[in-house]
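**Q** the following block contains a protein sequence and its predicted model.
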Amino acid sequence: MLKLSASSASSYYYYHHHHHHHHHLTTDKLQCRLFGGTHLNQLSNPILGMKKKISLKVAAASSSSSSSSSSAVSWVESKKSEEEEEESLANRLRLGSMASDGKSYLEKFIVRCYEVGINKTATVETMANLLQEVGCNHAQKVGFSADGFATTHTMRELNLIWVSARMHIEIYKYPAWSDVIEIETWIQSEGKIGTRRDWIFKDYANGQVIGRATSKWVMMNINTRRLQRVTHEVRDELMGYCPEELRLAFPEKNSTCLKKILKLEDPVQHSRLGLAPRRADLDMNQHVNNVTYIGWVLESMPQEIIDTHELQSITIDYRRECQRNDIIDSLTSIEPIDETEVVSGLQGTNGSAAVSENKEDCLKYLHLIRLSSDGSEINRARTEWRRKPRR
């Protein structure tokens, strides 16, 4: 579940039960997700590892000159040691480790030049890729499967995998090229059919929180494609790695991470039609990667907003999987005004100009990704945009 890299199937359970339509969300509409990332960690000192491997090979060569039987044994032992060395090499060079209490995982990343976009800062796709990477590394660190599904032993025996239902990301400050960020992640069980994974981004130079994220996952039988409740055996396997007390990346009651996303109806204001997954969009499990859907959502944003604003938050629901040969449409419209938000906003500012100022600086949009052929929903999404800071 760790790979639960996404964070919260449990939130999925809460979200759909409290909006009275979770039973309509069959598993074929959910996205089966690999939380394997594509981001490689910055290497620290590869020389140390090389010296040890060289010494192993020398030892194996010298022992082989004694007797055939002893050389065979030496070769097996040295080969085993070399394999152990290979297994630990990535962990030794990776800038990540478990927290002191063993209940979360932290990893540092250096923003690379190819991860920076038009704003001269990391793109939201970069940030989402890092979420996947640190989640998958967490899963590996605690011994869950490294096949991209982050399953426990019991889950593999029962042909169960994790599928993502929702992802919510908020970025308060985008890091620039060569900035060092530290990401902390942890998992929690919640509800009967799900789990969640949360993340916190920090600027490693000053400890400032620059972003947060949460995700929701449910368990599915890979053969029947049906959802299944989290069994006691699986829950027990996970509990040892979960915080003992409930810990949420978004503890505030007014967080939009659980807010229902309304379906975007025709006619829409902006669209990009006829998009298709590239081969590079497929992950190691032959599925369209989570981050590709985020890119598709952003494709239909009007250019004038992209020029003046930057993405502050994105919430995306995964309703069905996109196949490699599918053609999809990306649709976007301004989110209708929520009257309750307007009323509370006026009360909070006593009707001052702050409300209209916020309306200008913070823009909210609804998005829909659907099949071009029959209009079937793939994703719903909601984004918030703030004016770009002066640099």
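**A** Right, received. Where do you want to start?
**Q** let's verify the closest residue in space to residue 153 that isn't next to it in sequence: helix, strand, or coil?
**A** Nearest residue to residue 153 in three dimensions, chain neighbours excluded: residue 237, at 6.8 Å (CB to CB, 6 or more residues apart in numbering). Using the backbone N, CA and C atoms, a C-beta is placed for each residue, glycine as well. Of the three states, residue 237 takes helix according to DSSP: H, G, I helix; E, B strand; the rest coil.
**Q** ok, now which ones touch residue 237?
**A** 152, 153, 154 (CB atoms under 8 Å, 6 or more residues apart in numbering).
**Q** between those, which has the most around it?
**A** residue 152 (24 neighbours; other CB atoms under 10 Å).
**Q** would you list the phi and psi of that residue?
**A** phi -90, psi 170 (degrees, to the nearest 10).
**Q** these two touch, right, it and residue 234?
**A** Yes: counting by CB atoms under 8 Å, residue 234 is a contact partner of residue 152 at 5.7 Å.
**Q** from the contacts of residue 237, pick the one nearest residue 306.
**A** Closest approach between the contacts of residue 237 and residue 306, by CB to CB: residue 152, at 41.8 Å.
**Q** how much space is there between that closest one and residue 214?
**A** Per CB to CB, to the nearest Å, residue 152 is found 21 Å from residue 214.
**Q** ok, back up a step: need the per-residue pLDDT for the residue nearest to residue 153.
**A** The score at residue 237 is 89. That number is its pLDDT.
**Q** average pLDDT for stretch 202-221, rounded please.
**A** Across stretch 202-221, the per-residue pLDDT values average to 95.
**Q** no wait, stretch 286-294
**A** Averaging pLDDT along stretch 286-294 gives 89.
**Q** list the buried residues for it?
**A** Buried residues in stretch 286-294, counted by 16 or more other CB atoms under 10 Å: 287, 288, 289, 290, 291, 292, 293, 294.
**Q** could you dump these to JSON lines with secondary structure and distance to residue 228?
**A** Shown next, in JSON lines, are these (DSSP: H, G, I helix; E, B strand; the rest coil; distance: CB to CB, whole Å):
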{"residue": "287", "secondary structure": "coil", "distance to residue 228": "19"}
{"residue": "288", "secondary structure": "strand", "distance to residue 228": "23"}
{"residue": "289", "secondary structure": "coil", "distance to residue 228": "24"}
{"residue": "290", "secondary structure": "helix", "distance to residue 228": "21"}
{"residue": "291", "secondary structure": "helix", "distance to residue 228": "27"}
{"residue": "292", "secondary structure": "helix", "distance to residue 228": "27"}
{"residue": "293", "secondary structure": "helix", "distance to residue 228": "24"}
{"residue": "294", "secondary structure": "helix", "distance to residue 228": "28"}
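**Q** just to revisit the earlier point, nearest to residue 369, out of the contacts of residue 237: which one, please.
**A** For these, the nearest to residue 369 is residue 152 (31.2 Å; CB to CB).
**Q** model confidence for that closest one, exactly?
**A** At residue 152, pLDDT is 86.
**Q** if I pick it, what's in contact with it?
**A** Residue 152 neighbours (CB under 8 Å, 6+ apart): 1, 144, 145, 234, 237, 238.
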